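Chemist: Sequence plus predicted model, see below.
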Amino acid sequence: MKTVILCGGLGTRLKEETEFRPKPMVPIGNKPILWHIMKIYAHYGFNDFVLALGYKGEIIKEYFQHYELMNNDVTLELGKPENCLIHQNHGEVGWKVTLADTGQQALKGARLKKIEKYIDGDIFMMTYGDGVSDINIPELLEFHRSHGKMVTITGAIPVSQFGKLEIQEDNTVSFFEKPKSDSYINGGFFVFDKTIFNYLSENDDCDLEYGTLEKLSKEGQVKVYKHNNFWANMDTFRDMEYLNKLWNEGKAGWKIW
């Protein structure tokens, strides 16, 4: 089953990093967040990826083109470039990655439509290139198959960017650092029936959430898989610092591999 990852946005709220690279290539630890997302799917055996590229997509292409060289030990014989021995020691064996240019300005629906030719099954998965979670992918797929609708969206409960005070009269009773929100948001990690493509176009102004999914919701074709455990995204510099802090402290809730 194919997993599509949208990697084409400008990432303007993280311009400190995205001025130089696309948001999916912003690192958590020593790996881009894109790698972390792919590891979540690959943990469950889903390692056939289609990356919908846009802004600075050539950097993502270069990353995977040189992946073996940059992520393995290598023995070289200088003057004889043909004598290059790569010692396989990374854990991403068997990943298949299709890198598809979907345009600089295309909205999400257009990007998705433009990779239709790479989808060969009746259903496929899709997520954004900036969100991580400990979501159980087989459970998500089982839920999608159980309800028979066209779309499953994962509803996630994000961590607040601000600490929460519990107050009685004017006294602070307790302080919660980065509590969870009280409501679900669109957390990505979609499952789509292939018929979704009938509702999309390659016109750059074709969006996904606004327009397409709104229409399908009114038609009763969208179900929500409620995920109550870890979920976070990298939208701002503060988010990037938070995710790196979790990773460096060994508290990365999305690290299921």
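Modeler: Yep, that arrived. Numbers count the residues shown, from 1 in each chain.

Chemist: what's near enough to touch Trp95?
Modeler: By CB atoms under 8 Å, 6 or more residues apart in numbering, Trp95 lies in contact with Met38, Ala42, Asn47, Phe49. Any C-beta I mention is one placed from the backbone N, CA and C, and that applies to glycine too.

Chemist: Try it again at 7 Å.
Modeler: Residues in contact with Trp95 (CB atoms under 7 Å, 6 or more residues apart in numbering) are Ala42, Asn47, Phe49.

Chemist: low pLDDT regions in the stretch 101-250 of the chain?
Modeler: Low-confidence segments of the stretch 101-250 of the chain (pLDDT under 70): 160-182.

Chemist: hey, where'd the helices end up in it?
Modeler: 108-114, 137-147, 214-218, 237-248 (DSSP state H, counting those that start in this stretch).

Chemist: In JSON lines, list those helices along with mean neighbour count and distance to Asp122.
Modeler: Below are these laid out as JSON lines (neighbours: other CB atoms under 10 Å; distance: least, CB to CB, whole Å):
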{"stretch": "helix 108-114", "mean neighbour count": "24", "distance to Asp122": "16"}
{"stretch": "helix 137-147", "mean neighbour count": "15", "distance to Asp122": "10"}
{"stretch": "helix 214-218", "mean neighbour count": "13", "distance to Asp122": "17"}
{"stretch": "helix 237-248", "mean neighbour count": "16", "distance to Asp122": "34"}
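
Chemist: Quick check: the gap between Trp257 and Tyr128.
Modeler: According to CB to CB, to the nearest Å, Trp257 stands 20 Å off from Tyr128.

Chemist: Show me which of those two is the more surrounded one.
Modeler: Taking other CB atoms under 10 Å, Trp257 and Tyr128 do not tie; Tyr128 has more neighbours (20 against 10).
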